[in-house]
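1. output the structure for:
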Amino acid sequence: MSEPRTTLDLFAIWRSSTPRPALVDARGGREVRIDATEVTRRAAGLAQGFAGMGIGKGDRVAIICGNRPEWHITDVALHHLGALDVPIYTTLLAPQVAGILQDSRARAVVVENADQLAKVVEVRASCPELSEVIVIDGDAGAGVRTLAACTTPLDPAAAERYLEAARARVEPSDLATLIYTSGTTGEPKGAMLTHDNFVFDATSASSQVPWPTRGETALSFLPLSHVLERLVDYIYFERGVTIAYCGVLEIADALGRVKPAMFTAVPRVYEKIYDKIQQEVAKGSAVKQALFRKAVNVAVADYRRGSKSLLYHVFDKLVYAKLRHGFGGRVRFSISGGAPLPSFVGEFFHAVGVLVLEGYGLTETSPVITVNTPPRHRIGTVGPLIPGVEVKIGGDGEIFTRGRHVMKGYWNKPEATAASIDDQGWFATGDIGEFDDVYLRITDRKKDLLVTAGGKNVAPQPIEGKLKESPLIENAVLFGDRKPFIVALLVPSFEELERWAAQRGIDATDRAALLARPELAAEFQAVVDAVNRDLARFEAVKKFRLIAEPLSMDKGELTPTLKVKRRVIEKRYANLIDALYSDGGD
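-> A predicted model of the protein is given here:
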């Protein structure tokens with residue numbers, strides 16, 4: 001086959017690969033394997049079913065579904081018609097779903113189950129262009145079809161002929177998807193990504209990293225509504241890899257069963273795994289804890305030195321190999337993206353032999369701009385540029401990028417498009433960064449920068465990352481824009497607090513009472529003081545408060561990719577933040 005031009009070419013490579021790859025439903029302990037021949041038959045049959053509903057080139061069809069084979073079968077079916085999908089996170093509430101359906105003018109929506117169907121039924125009357133509602137699991141009520149009923153039965157040969165004929169009619173410049181940005185700083189906007197955007201980014205990014213190949217399996221759990229998992233799965237198609245799907249809460253079980261060669265995750269997943277390891281170690285005897293600390297110290301020291309000592313090899317059998325076994329034992333590497341990976345987390349995993357390659361990009365850039373590679377990786381950076389991508393740093397530190405990876409624009413928002421992409425094709429990322437040799441380093445979000453009353457610019461994310469290195473702190477959010485000094489809201493790790501309380505014979509059932517204890521406040525103050533020692537005076541966290549509730553997507557405090565919505569949290573806790581300034585400060 002010639003060089004791929006569209007996502008359909010990537011799928012054609014996948015379905016013709018040997019040994020025959022498959023899509024595997026690994027959710028909830030399942031092991032349901034659908035080989036390439038059956039995937040081809042279902043995709044072609046569904047494409048015919050969509051065509052029978054009048055869906056064709058340029059039409060939008062929303063998908064509200066977790067990671068499972070049917071997600072990609074739907075995606076592939078729509079692309080063969082020249083239609084584009086509109087992925088919607090399953091965690092969004094009905095009003096948010098309505099906003100996307102209305103803005104995209106979706107003609108149809110495919111939902112996973114009764115829970116997602118209920119959201120659409122609730123808002124359907126406000127979406128006049130939504131003519132078809134299709135459910136994957138469960139019964140179809142009035143005005144709803146099942147995915148199975150929409151799929152025309154075809155034999156494999158007929159399916160292959162249909163897809164080949166349809167593939168030739170799709171052009172690289174055709175839109176493949178509208179992906180709505182998660183909106184940490186404003187209203188979500190639909191990024192228009194073309195087939196060429198995805199194909200360029202997939203082939204360029206995959207040329208830099210030893211991805212899994214034919215006969216290997218990858219695990220997909222980062223939501224396919226997220227552009228990174230979408231792009232990575234297209235790379236799996238290009239490589240003829242079997243893809244196994246599970247939910248984010250099933251990662252530990254799925255890693256053990258699937259034993260993947262690779263997976264992709266956001267930093268919070270790695271942080272959770274790191275925290276879980278530390279918590280398990282804390283349950284052991286003093287001797288085991290001391291052994292683990294010594295093993296980690298040796299691993300990190302050897303990693304920084306660039307060579308492995310004899311002691312490393314001893315600890316590798318006693319400690320590191322067991323940690324790698326928790327990932328299934330076959331992981332060649334994994335990808336981290338969507339937000340900055342704390343350096344201490346990345347260094348820990350690298351040191352014990354679990355390679356986590358951090359990259360950088362945005363929904364609007366398809367998404368990969370840079371990625372660390374096994375021979376060229378540097379902790380604390382997001383790696384070198386992938387081939388064919390340009391980057392420049394503006395006078396205020398903002399990162400601009402240009403190339404075939406940049407979106408066509410924002411759907412129905414010409415003014416927002418013009419504000420983001422100049423007439424020379426440079427896209428303004430809104431991120432602040434710098435180059436360390438050829439390695440790009442992200443320092444903050446432009447709109448996240450806090451400008452104090454004294455005119456000092458403070459980048460909150462690095463400081464928040466340092467605070468979260470403490471096992472006591474689940475999340476940290478800094479404030480201080482136009483204020484005399486910086487303050488923080490700290491979300492404790494309540495599992496760690498329960499352990500702390502148990503060791504001291506303190507009742508931990510009443511969280512508010514626990515957080516009010518002065519000896520606990522002293523523990524957090526020590527963490528803050530330690531971080532402040534490495535900060536300039538104007539950056540230091542002068543005051544903080546502990547909050548008794550974790551941040552959540554349901555309350556709108558986190559995006560679906562677990563990024564903090566600083567403005568939402570600032571509004572919700574306005575009184576608490578104001579109280580931190582009410583008695584003055586220096």
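
2. what packs against the helix or strand where Leu520 lies?
-> Assigned by DSSP states H and E, Leu520 falls within helix 518-532. Counting contacts by 3 or more C-beta pairs under 8 Å, 6 or more residues apart in numbering; DSSP states H and E, helix 518-532 packs against helix 460-467, strand 486-492, helix 494-503, strand 541-546. To be clear about C-beta, it is placed using only N, CA and C from the backbone, and glycine gets the same treatment.

3. buried stuff in that helix?
-> Buried positions in helix 518-532, judged by neighbour count with 16 or more other C-beta atoms under 10 Å: Leu520, Phe524, Val527, Val528, Val531, Asn532.

4. tell me the buried residues in the top helix by length along the chain?
-> Ranked by residue count and defined by DSSP state H, the top helix of the chain is helix 286-305. Residues of helix 286-305 classed as buried: Leu291, Phe292, Ala295, Val296, Val298, Ala299, Val300, Asp302, Tyr303 (neighbour count, 16+ other C-beta under 10 Å).

5. closest one of these to Thr203?
-> Nearest to Thr203 among the buried residues of helix 286-305 is Tyr303, at 31.3 Å by C-beta to C-beta.

6. return the backbone torsion pair for the closest residue to the closest one other than its chain neighbours.
-> If the residues on either side of it in the chain are set aside, Tyr303 comes closest to Ala351, at 4.1 Å by C-beta to C-beta, 6 or more residues apart in numbering. Per-residue torsions, Ala351: phi -60, psi -40 (degrees, to the nearest 10).

7. cool, and Gly66?
-> Taking degrees, to the nearest 10 as the convention, Gly66 sits at phi -80, psi 180.

8. Leu546 and Pro492 touch, don't they?
-> Yes: contact criterion C-beta atoms under 8 Å: Leu546 and Pro492 qualify, at 5.8 Å.

9. more neighbours, these two?
-> Pro492 (23 against 20; other C-beta atoms under 10 Å).

10. could I get the pLDDT score of the more buried one?
-> Note on Pro492: pLDDT of 94.

11. name whatever forms a beta bridge with it.
-> Here Pro492 shows beta-bridge partners Ile473, assigned using DSSP bridges.

12. that one reaches Leu515, doesn't it?
-> Yes: counting by C-beta under 8 Å, Pro492 touches Leu515, with 7.0 Å between them.

13. quick one: mean pLDDT over the helix holding Leu520.
-> Computed over helix 518-532, the mean pLDDT rounds to 95.

14. next, the nearest residue to Leu175 once chain neighbours are set aside: phi, psi?
-> Among residues not flanking Leu175 along the chain, Leu84 sits closest, at 4.7 Å (C-beta to C-beta, 6+ apart). Main-chain torsions, Leu84, degrees, to the nearest 10: phi -130, psi 140.

15. run through the bridge partners of Leu84.
-> Leu84 has these beta-bridge partners by DSSP bridges: Arg60.

16. how much space between it and Ala536?
-> Separation of Leu84 from Ala536 (C-beta to C-beta, to the nearest Å): 48 Å.

17. what about the two, which has more around it?
-> A count of neighbours by other C-beta under 10 Å puts Leu84 above the other of Leu84 and Ala536, at 25 against 9.

18. ok, residues contacting the helix or strand of the chain with the lowest mean pLDDT?
-> The helix or strand with the lowest mean pLDDT-type score in the chain, counting by mean pLDDT, DSSP states H and E, is strand 457-458 (a mean of 81). If you take C-beta atoms under 8 Å, 6 or more residues apart in numbering as the criterion, strand 457-458 is touched by Leu449, Leu450, Val451, Thr452, Leu478, Gly480, Ile486, Phe538, Glu539.

19. swap in stretch 562-569?
-> With contact meaning C-beta under 8 Å, 6+ apart, stretch 562-569 is reached by 182-185, 266, 268, 338-339, 448, 460, 464, 475, 477, 479, 489, 551, 553, 555-559.

20. and stretch 277-292, how far from the chain's centre?
-> Centre-to-centre, stretch 277-292 and its host chain are 30 Å apart (C-alpha atoms, centre = their mean, to the nearest Å).

21. from the buried residues of helix 286-305, which is closest to Phe50?
-> Nearest to Phe50, judged by C-beta to C-beta, of these is Tyr303 at 50.9 Å.

22. dump the residue contacts of the closest one.
-> Neighbouring residues of Tyr303 by C-beta under 8 Å, 6+ apart: Glu347, His350, Ala351.

23. go with 10 Å
-> Going by C-beta atoms under 10 Å, 6 or more residues apart in numbering, Tyr303 touches Tyr312, Glu347, Phe348, His350, Ala351, Val352, Gly353, Ile379.

24. gap between the nearest residue to Lys288 once chain neighbours are set aside and Lys468?
-> Residue nearest to Lys288 in three dimensions, not counting chain neighbours: Val281, with 7.1 Å by C-beta to C-beta, 6+ apart. Distance from Val281 to Lys468, counting by C-beta to C-beta: 18 Å.

25. who's more crowded, the two?
-> It is Lys468, of Val281 and Lys468, that has more neighbours when counted by other C-beta under 10 Å, with 25 against 15.
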